[in-house]
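> next comes the sequence, and after it the predicted model I'd like to discuss.
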Amino acid sequence: MSDCIFCRIVAGEIPAKKIYEDELVLAFHDINPIAPVHFLVIPKIHVASMAELGPEHEAVMGRVMSVAGKLAHEQGATDGFRTIINTGRVGRQEVYHLHVHVVGGPEVLPAMLKR
């Protein structure tokens, strides 16, 4: 998708501070980090959101999640981290290419949701 910023990053048209890449996924630092560790893991194929996933995406999403944990530790989130997948308008998704935010670091993260 030529208008998708993450597809353009995968294609090398837009630079990103990459931390991991293989045939299925790409991981790169968030351009507006909210914590000392904040990066994204995306499938290289275009999937608009988690709501679009089907059985054919099991391998790539398994890779996304296994890479997220490994990289979180390598990037310094050794005492835990948060994974966030925003889905759709109500889920506050801003870029419609499925992506996992990995957020962590030495500081305590705020509560996920206010009760």
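Cool, got the structure.
> buried residues, stretch 43-54. List them.
43, 44, 47, 48, 49, 50, 53 (16 or more other Cβ atoms under 10 Å). Backbone N, C-alpha and C define where each C-beta goes, glycine included.
> and stretch 61-79, by the same measure?
Buried, per 16+ other Cβ under 10 Å, within stretch 61-79: 61, 63, 64, 67, 68, 71, 72, 75, 77.
> among the buried residues of stretch 43-54, which lie within strands?
Mapping the buried residues of stretch 43-54 onto strands (DSSP state E) picks out residue 43.
> surely residue 104 and residue 84 touch.
No: Residue 104 lies out of contact with residue 84 (Cβ atoms under 8 Å); the separation is 11.0 Å.
> higher neighbour count, these two?
Taking other Cβ atoms under 10 Å, residue 104 and residue 84 do not tie; residue 104 has more neighbours (22 against 15).
> and the gap between the more buried one and residue 20?
16 Å (Cβ to Cβ, to the nearest Å).
> and residue 63, by the same measure?
Counting by Cβ to Cβ, the gap from residue 63 to residue 20 is 10 Å.
> swap in residue 49?
Taken as Cβ to Cβ, the span from residue 49 to residue 20 is 22 Å.
> count of neighbours near residue 95?
Residue 95, neighbours per other Cβ under 10 Å, totals 14.
> what secondary structure does it sit in?
When classified by DSSP: H, G, I helix; E, B strand; the rest coil, residue 95 comes out as coil.
> now what about stretch 71-91, what contacts it?
For stretch 71-91, contacts defined as Cβ atoms under 8 Å, 6 or more residues apart in numbering pick out 19-20, 27, 36-37, 39, 41, 49-51, 65, 68, 92-94, 98-106, 109, 112.
> lovely, talk soon.
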